[in-house]
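# Sequence and computational prediction follow.
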Amino acid sequence: MADRTAIDTIKGYFYQFDYAIAKLLELQTDTDTIIVEGIEDVDINTATEEIAVQCKYYAKTEYNHSVIAKPIRLMLDHYKEVTNGTKKRINYKLYGYFQSGQTKLTLPINSTFLKDHFLTYSEKKVKYYHHTKHSLTDTQLDDFITLLDINISALEYQSQVSKISNLLMTQFGCNSFEAENFFYNNALKVIKDIAIESNIAKRKISKSEFLTKINFKRVLFNEWFVTYKGQSKLFAELRGQYFTGLNISPYERLFIIEIPNTNYVRAELKDLILTISRKWSKLSAREPHTFCPYIYLHNILPQELLELKKELFSEGFLFIDGFDFDGSDFNPKSISKQANSSNSIKIKILNKIEHIDLTIGEISKTREIYQFYNTNPFFDISYPNVKQAQIQFSKLTDINKII
């Protein structure tokens, strides 16, 4: 029960964040803004209006007036300050999804309905009248109602996600995979990060700032996105997008992998290297075009790289690293020579990051670069004719599940 409650709570946060993302994408001008966790869950500011939105997701709850009564009373608290001249006049919106019961509410409401069903309540057998507490007249309550928009037939959770995906595809001219795994993933992180800021000024973001922050194509291992997607499903989709094919094309593939600063295990890295070699090599004499992958290990200590090479060599795993003899300089022609059944080269190891550019420049075949980073991308050279992917990971073993 506790686990289901926690999942429902997390889904409620996602729904609120998704609503904020959708509203940002729908803003008419780049200077329009929203505030996350402002007066309400999402405050929308445009040139023509300011609206505070209370956003609720009750997937397992039947609608009853009491469920939305407290949020409406909180809105009335703000309205009271407006009548006192201490707060700016704004619009209010209650946006909620319910499993059922929407027919219980007939809109529009009047002041009598407002008082009877939303402003009158009991606690510990004591009845309270919220309008009386604020000394608000029926005329003022009617005015409040003109500012209040109640929508209890909001989009269902997945429908809202689909709406966001369509908005992102329109905004960036991308496909559905890119919309979800790049731009939506980025958007979730941006909204989550500003939502936890203590300073309300830092919880404000304009449409143009938002679009700039999410406009990059790399897969983030964002814990919120992984929670939404599910780790197994995320890995499967990445594998399907980048690393699945009935016939592997004879391309020159470079795997650039950041070695985590913590929890590094040589056996895991060695297993990953063997997996990359096995899946992305074709050395049979029957193959018309033989090939094997390149690998660069970022942040690995020189001595550890040496020990790793010794282990691979001692186990009969043949590789080259672009050094023709002891004391020689790195030779991109040497490392880019074709692997085949005769020389049995199973992988090509690049020792330094600067060797990547030299090697890419030497290769004339179709090239692909897959960068797996643990914290931030570290190789940022862009090649116009080279397919490049940037994928964030948490553990080295995650990469095995993707490729």
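Looks like it arrived, so ask away.

# So for the strand or helix carrying Phe225, what gets flagged as buried?
Element membership of Phe225, judged by DSSP states H and E, is helix 223-229. Judged by neighbour count (16 or more other Cβ atoms under 10 Å), helix 223-229 contains these buried residues: Trp224, Phe225, Val226, Tyr228, Lys229. C-betas here are computed from N, CA, C, even on glycine.

# Now do the strands for this structure: every range, in order, please.
33-36, 42-45, 50-62, 91-100, 120-123, 126-129, 148-151, 204-206, 252-258, 294-298, 319-320, 347-350, 367-373, 387-392 (DSSP state E).

# about what we covered before: can you lay out the buried residues of helix 223-229 as CSV showing distance to Glu368 and pLDDT?
Below are those laid out as CSV (distance: Cβ to Cβ, whole Å; pLDDT from 0 to 100):
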residue, distance to Glu368, pLDDT
Trp224, 29, 69
Phe225, 24, 77
Val226, 25, 77
Tyr228, 28, 73
Lys229, 24, 77
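
# Quick one: these as JSON lines, columns for distance to Glu237 too.
As requested, the buried residues of helix 223-229 are arranged in JSON lines below (distance: Cβ to Cβ, whole Å):
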{"residue": "Trp224", "distance to Glu237": "17"}
{"residue": "Phe225", "distance to Glu237": "12"}
{"residue": "Val226", "distance to Glu237": "12"}
{"residue": "Tyr228", "distance to Glu237": "12"}
{"residue": "Lys229", "distance to Glu237": "8"}
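
# just those residues now: which is nearest Ile257?
Val226 (19.5 Å; Cβ to Cβ).

# Now for the closest residue in space to the closest one that isn't next to it in sequence: which residues touch it?
Spatial nearest neighbour of Val226, chain neighbours left out: Leu234 (6.1 Å); criterion: Cβ to Cβ, 6 or more residues apart in numbering. For Leu234, the contact set (Cβ atoms under 8 Å, 6 or more residues apart in numbering) comprises Asn181, Phe225, Val226.

# Distance check, the last one against Asn84.
This means Val226. 46 Å (Cβ to Cβ, to the nearest Å).

# With Phe379 instead?
Applying Cβ to Cβ to Phe379 and Asn84 gives a distance of 58 Å.

# and those two? which has more neighbours close in?
The neighbour comparison of Phe379 against Asn84 (other Cβ atoms under 10 Å) goes to Phe379, with 18 against 9.

# Tell me the predicted confidence for the more buried one.
On the pLDDT scale, Phe379 is placed at 94.

# I'd guessed it sits against His355; true?
No: using Cβ atoms under 8 Å, Phe379 makes no contact with His355, being 11.4 Å away.

# Now do the domain split for the protein, please.
2-214, 230-402 (automatic domain parsing).

# Return the mean pLDDT over the longest one, rounded to an integer.
Taken as a whole, domain 2-214 has an average pLDDT of 94.

# got the contact list for stretch 288-295?
Contacts of stretch 288-295 (Cβ under 8 Å, 6+ apart): 250-257, 273, 276-277, 280-284, 335, 338-341, 345-350, 359.

# from the chain's centre, how far out does that stretch sit?
Put simply, stretch 288-295 sits 33 Å off its chain's centre (Cα atoms, centre = their mean, to the nearest Å).
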